[in-house]
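Asker: Sequence first, then the predicted structure, then my questions.
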Amino acid sequence: MVKEQFNSRFGVIMATAAGAVGLGNIWKFPYMLGQNGGAAFLVVYIVCVLLFGLPLMITEFVMGKRSGQSVRGAYQVLAGNTHWNGIPILTCLSVMLIIGVYLVITGWCVKYLLLSVFPSLPMLNGWTDILCNTIAVFISVMVVWMGVNKGIERLSKIFMPILLLIVIILAVRVAFLPGAKEGLTFLFAFDASKLSFDVVLSALGQCFYSLSIGMGALITFGSYIPKKQNVVSLVGNVIAVDTLVAVLAACAIIPAVFAYGSSPEQGPKLVFSVLPVVFQQMPGGQVMAVLFFALLCIAAITSIVSLLEVLTASLVDISAQKKHPLTRHRAILYTGGVCLLISIFCALSLTDSGNWLVWGGKTLFDHIDRLTSCYMLPLVALSTVIFFGWFVDKNVMKEEMQPHYGSRLWTIRVYYFLIRWCFPILIFLIALHSIGII
Ligand code: PHE
């Protein structure tokens, strides 16, 4: 079967950016910025993105593009043996669990969107959360079902510009609120005293999450890139869009929070409990709320789509070697079904009827969130850099760069120095930081 490819450069950028731009940008980035000193965090974040995000994204993209395979096949093709099969399995497992947790939050976004459009809708108990999860899975499965071109690429080309437009409208509207200036100063006035080791590690972790590093999405999408495209410039564009949306989302949220007398240091609940109250007090707040939650839903669902594609492509590849290969459509139904099931248990664990899913004082949702972000994702990222830095032929990267950059060998040398020595240490540090050891 001939593999589908993205049709255009614009399509590659939009599809990859749609996968990268998610709750990490709109929900997580603004509250992390609020908790870590505003502009100081922003500056460190941008440095991390350029220094670490860029080369790591290039690595994953090149792995996909050169092998032309899903996560499952890429390691095998590039290493020429099957010793590395454990990494794709670990990647797929963590992706499945990540989607489960992510779907719960996406369900809340869908619920808040419905509530802001129909304020009198009765949406009180945990079952509505599960219903909203199911709506999100259904939409995501439909997009993946339509295929790489007609589904993922086409819809990303439509929804990414809409998302950008919404976030710009929100940021501009908020900038005109009386009292917004204080928030903008918090965002953009650099105060070096706020810098700390903790801020640096938080920014690094956020950079990995926001750019979907270690989730297999870049390898999978890389395998759909037409051969003559320049990976570096593609990645540059994706990073620019991802960072722009994160900064604009912060400009829409933090000044609004300041203008209505709340604190930006509220953590994860900033978007779900502080903002709805802020919108209620704001003139034209209902329209703003609808736009904002539509923005969150688009960002979240397109990210889920990218990870469902990782699972679907890998499952199709695995089954291709079996006696009865799975069709793509069947694989989508299986992966969508399993992720929905995980998310239902996660959502249940947050309700009163889910007491049996709480242990050690934490819910299943918290356990999975911690397991994936503190252990599994760093482990995948670490194994990927060690694999590519030490075990894949250096010519793979050289041949990919040569048509576009000639033989500027020093860039390759810097790249290998980073990937072989610096990144493994850094990823290890991030892992220790997120576990709470340092
Ligand atoms: N980069 C994505 C985001 O910012 C990360 C992600 C994608 C996480 C898909 C979960 C699912 O939200």
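Answerer: Alright, I've got the coordinates.
Asker: got the residues of this structure near the ligand?
Answerer: Proximity of the chain to the ligand, by C-beta under 6 Å from any ligand atom, involves residues 20, 22-25, 98, 102, 209-210, 212, 303-304, 307. Any C-beta I mention is one placed from the backbone N, CA and C, and that applies to glycine too.
Asker: how about 8 Å then?
Answerer: Within the chain, the residues that sit near the ligand (C-beta under 8 Å from any ligand atom) are 19-25, 27-28, 95, 98-99, 101-102, 209-212, 215, 217, 242, 299-300, 303-304, 306-307.
Asker: what packs against the helix or strand of the chain with the lowest mean pLDDT?
Answerer: In the chain, the helix or strand scored least confidently by mean pLDDT, DSSP states H and E is helix 274-281, which has a mean of 84. Where contact means 3 or more C-beta pairs under 8 Å, 6 or more residues apart in numbering; DSSP states H and E, helix 274-281 is packed against helix 86-117, helix 231-259, helix 285-320.
Asker: what's in contact with whatever helix or strand comes next after the longest one?
Answerer: Next in sequence after helix 285-320, counting helices and strands by DSSP states H and E, comes helix 328-349. The list of residues contacting helix 328-349 from outside it, by C-beta atoms under 8 Å, 6 or more residues apart in numbering, reads 96-97, 99-104, 107, 126, 129-130, 133-134, 137, 140-141, 144-145, 147, 308, 311-312, 315-316, 319, 326, 354, 357-358, 363-365, 368.
Asker: where does the protein have low pLDDT?
Answerer: Along the chain, segments meeting pLDDT under 70 span 1-2, 123-124, 407-408.
Asker: Leaving out sequence neighbours, find the closest residue to residue 252.
Answerer: residue 170 (3.8 Å; C-beta to C-beta, 6 or more residues apart in numbering).
Asker: Report the inter-axis angle for whichever strand or helix holds the one you found versus helix 274-281.
Answerer: Per DSSP H and E: residue 170 is located in helix 154-175. Helix 154-175 runs at 60 degrees relative to helix 274-281, counting by axes from the mean of the first three to the mean of the last three C-alpha atoms, to 10 degrees.
Asker: quick revisit: residues contacting the least confident helix or strand of the chain, please?
Answerer: With contacts defined as C-beta under 8 Å, 6+ apart, helix 274-281 is touched by 112, 116, 253, 256-257, 259-260, 262, 266, 285-286, 288-289, 292.
Asker: same thing but 10 Å
Answerer: Residues from elsewhere that reach helix 274-281 (C-beta atoms under 10 Å, 6 or more residues apart in numbering): 30-31, 34, 112, 115-116, 119, 174, 177, 252-253, 256-264, 266-267, 269-270, 282, 285-293, 296.
Asker: Any chance you could give me it in CSV, C-alpha atoms only?
Answerer: The C-alpha trace of helix 274-281 is given here as CSV (Å, rounded to 0.1, in the frame of the first residue of the first chain):
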residue,chain,number,x,y,z
VAL,A,274,-10.5,32.1,37.5
LEU,A,275,-11.2,32.9,33.9
PRO,A,276,-15.0,32.1,33.8
VAL,A,277,-15.4,34.6,36.7
VAL,A,278,-13.3,37.2,34.9
PHE,A,279,-15.5,36.7,31.8
GLN,A,280,-18.6,37.2,33.8
GLN,A,281,-17.5,40.6,35.0
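Asker: Appreciated, that's everything.
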